[in-house]
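Participant: pasted the sequence and its predicted model underneath.
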Amino acid sequence: MLETEKPLSEPLQVKLEKIKRLRKQGKTLYGGGFAPDAKVADLKKEFDSLEQGQKSGESFGIAGRIIIFRKHGKATFCDLKDSTGKLQLYLSQKVVGEERYQEFNELDIGDWIGVEGHLFKTRTGELSLSVDDFNLLTKSVRILPEKWHGLKDRELRYRQRYLDFLVNPEVREVFEKRIMVIDSIREFLKNEGFYEVETPMLQTLPGGATARPFITHHNALDLELYLRIAPELYLKRLIVGGFEKVFEINRNFRNEGLSYRHNPEFTMLEFYEAFSDYKRLILFTQRLIKYAAAKVGSLEITYRGKGISLSGDWKSLSMTDSIKEIGGLEVGFGMEIEKLASIAKGLGIEISDDFGKGKIIAEIFEVLVEPKLVDPTFITDFPTEISPLAKRNPKDPDLVERFELFIGGEEIANAFSELTDPSEQLQRFRKQSKSSDEEERLSGRIDKDFIKALEYGMPPTGGEGIGIDRLVMVLTDSQSIKDVLLFPLMKPGS
RNA sequence: GGGCCGUUAGCUCAGCUGGUAGAGCACCGGACUCUUAAUCCGGGUGUCACAGGUUCGAUCCCUGUACGGCUCACCA
């Protein structure tokens, strides 16, 4: 027990005394050397059809954590939980002898034990293991949370996630689904011929997105470094280098506020495909997300109380059309900027002086349309002003070849035909770096090495980012990003 | 960072108008050889988040602090 943690409750003190006593008696509390030869789920499957009164011919060894006792004098039932499920153990004094039986009854909920015995079915038909021998593998000192109500306190659940997994089985399912989503995306992309790569987390210029970075320092080089806010500029360098299809699934770090959909570190998929473009990515994205959704369950999902169908062809709308159709407002680049600004102000949007038409339209979109995009919808034709890395629409310089995908009101994907013209890229960066917005300025700090790479020639390329945490939230109907992160950021407890 | 709400036993929760706290699980002692939240008998184990203030008296009222939740802002 941590010495700093005092006073101890009486049940805890009693347990500590007991452990002291067991130690004095020379008992091994932290053992080892027991290798289970079976998993609970496998045994349950194999002996499902066992008749009552019948015993498995073979003896099996399993290991797990005791989660509950039901003691009956000279017989004891308890449930043992391993990574695959729980199995009832039956221990009879007649079988193991009085001394061993006493020792078993000194075990506590939470202890890890290894047991050996035969399988049988109880009177009520529950498959159980009749214990012939057992050993304590690890003594649990602390008292586990309650079996019935589980652990509800969100703070404790996030801070002590291991307990959350122990007593709230549905939490484990969410993370198993998260693992499946990531596995299936990898599988899909690899089948499509993509290489998985790793690009720098520590960057000398935080590029590829607009966000405040975490700043750190390299001692030996006496160099200011930034935790990456996006891998984009490095992945594009690989396209320049002749890799035609690359992806990375990894963490990005953004020094921004927290919310139900923001954690300072989050997992992003970015992939780039030479000779593709945003239109082809629309089709590709549908296939990718449908593939992942099908692997974890179904294309018919529920998110925040709303049924969402991922089947069929997903809707696609330009940003201004969506504002008209869903927001009921007609806006466009043909309007005077003053007019756009006053519409935005009427919606409670704050407009700075350096906002252009594009940024104002995007703000209106965010307020009026975004939350209403429940069924999967691609929004296309983003303003150039807010898309410094995307290729301009050849027919309309105000717009770029870009889309974002929304599901359940959440932004899931962001993709565009990449800007490949080095001089235009330089200009766009320069414009950004003059912005009054501190983050924009920092993000726009010109990565000359990246421009140089473009000067060597990047083939026409489609690139996309998918927020994995958001996608998992939608696919698991999780109300907070913290519920899909194993260890969400928490301030140190008091 | 702003607003609102919360923090009582290891866990889940009660606690009236201010009179120093109580229930289930867990735990401890006892009974019990097929239980399933086993049952039965007995036992309450607490810095009421923390620090001040008001009061004869504070878990309760007030102020501040910490942490969390929701929400707004920033962002994905």
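Facilitator: On my side now, so go ahead.

Participant: from here on, contacts and neighbour counts on C-alpha atoms
Facilitator: Noted.

Participant: looking at this, residue A:279 is in a strand?
Facilitator: No. Counting by DSSP: H, G, I helix; E, B strand; the rest coil, residue A:279 falls outside a strand, being helix.

Participant: how close does it get to residue A:455?
Facilitator: Counting by C-alpha to C-alpha, to the nearest Å, the gap from residue A:279 to residue A:455 is 25 Å.

Participant: and residue A:6, what pLDDT?
Facilitator: Residue A:6 is assigned a predicted lDDT (pLDDT) of 54.

Participant: residue A:479 touches residue A:469, doesn't it?
Facilitator: No. With contact defined as C-alpha atoms under 8 Å, residue A:479 does not reach residue A:469; the gap is 11.6 Å.

Participant: between the two, which one's more packed in?
Facilitator: residue A:469 (24 against 14; other C-alpha atoms under 10 Å).

Participant: elements contacting the helix or strand encompassing that one?
Facilitator: Taking DSSP states H and E as the criterion, residue A:469 maps to helix A:468-476. Packing contacts for helix A:468-476, counted by 3 or more C-alpha pairs under 8 Å, 6 or more residues apart in numbering; DSSP states H and E, involve helix A:169-191, strand A:265-274, strand A:300-303, strand A:410-417.

Participant: please repeat the previous calculation with a cut-off of 6 Å.
Facilitator: For helix A:468-476, there is no helix or strand it packs on, judged by 3 or more C-alpha pairs under 6 Å, 6 or more residues apart in numbering; DSSP states H and E.

Participant: quickly find the element holding residue A:44.
Facilitator: Counting by DSSP H and E, residue A:44 is found in helix A:40-46.

Participant: now swap in residue A:397 and tell me
Facilitator: Under the criterion of DSSP H and E, residue A:397 resides in strand A:396-407.

Participant: quick check: closest non-adjacent residue to the residue in the stretch 301-450 of chain A that RNA strand B sits nearest to.
Facilitator: Distances between the stretch 301-450 of chain A and RNA strand B by C-alpha to the nearest atom of the strand are smallest at residue A:411, namely 5.0 Å. Spatial nearest neighbour of residue A:411, excluding adjacent residues (C-alpha to C-alpha, 6 or more residues apart in numbering): residue A:405 at 6.0 Å.

Participant: what's near enough to touch that neighbour?
Facilitator: For residue A:405, the contacting residues are A:377-378, A:411-413, by C-alpha atoms under 6 Å, 6 or more residues apart in numbering.

Participant: turn these into TSV, including pLDDT.
Facilitator: TSV is the format used below for the contacts of residue A:405 (pLDDT from 0 to 100):
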residue	pLDDT
A:377	96
A:378	97
A:411	93
A:412	95
A:413	96
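
Participant: can you pull the phi and psi angles for residue A:448?
Facilitator: The phi/psi pair for residue A:448 (degrees, to the nearest 10) reads phi -60, psi -30.

Participant: list the contacts of stretch A:158-165.
Facilitator: The contact list for stretch A:158-165 (C-alpha under 6 Å, 6+ apart) reads A:157, A:172.

Participant: quick one: distance of it to the chain centre.
Facilitator: 16 Å (C-alpha atoms, centre = their mean, to the nearest Å).

Participant: how about the strands in the stretch 251-400 of chain A?
Facilitator: Remark: strands assigned in the stretch 251-400 of chain A by DSSP state E, counting those that start in this stretch are A:265-274, A:300-303, A:306-309, A:315-318, A:377-383, A:392-393, A:396-407.

Participant: tell me which of those strands lies nearest to residue A:152.
Facilitator: Counting by C-alpha to C-alpha, residue A:152 lies closest to strand A:300-303 out of those; the figure is 21.1 Å.

Participant: list the buried ones in that closest one?
Facilitator: Across strand A:300-303, burial judged by 16 or more other C-alpha atoms under 10 Å covers A:301-303.

Participant: repeat that for stretch A:85-97.
Facilitator: For stretch A:85-97, the neighbour count (16+ other C-alpha under 10 Å) marks A:86-93, A:96 as buried.

Participant: can you check stretch A:27-37 too?
Facilitator: Within stretch A:27-37, the residues scored as buried using 16+ other C-alpha under 10 Å are A:29, A:34.

Participant: touching, residue A:330 and residue A:324? I think so.
Facilitator: Yes. Shown here, residue A:330 and residue A:324 form a contact pair, counting by C-alpha atoms under 6 Å, at 5.1 Å.

Participant: out of the two, which sits in the more crowded spot?
Facilitator: residue A:324 (17 against 12).

Participant: list phi and psi for residue A:480.
Facilitator: Dihedral pair for residue A:480: phi -140, psi 150, per degrees, to the nearest 10.
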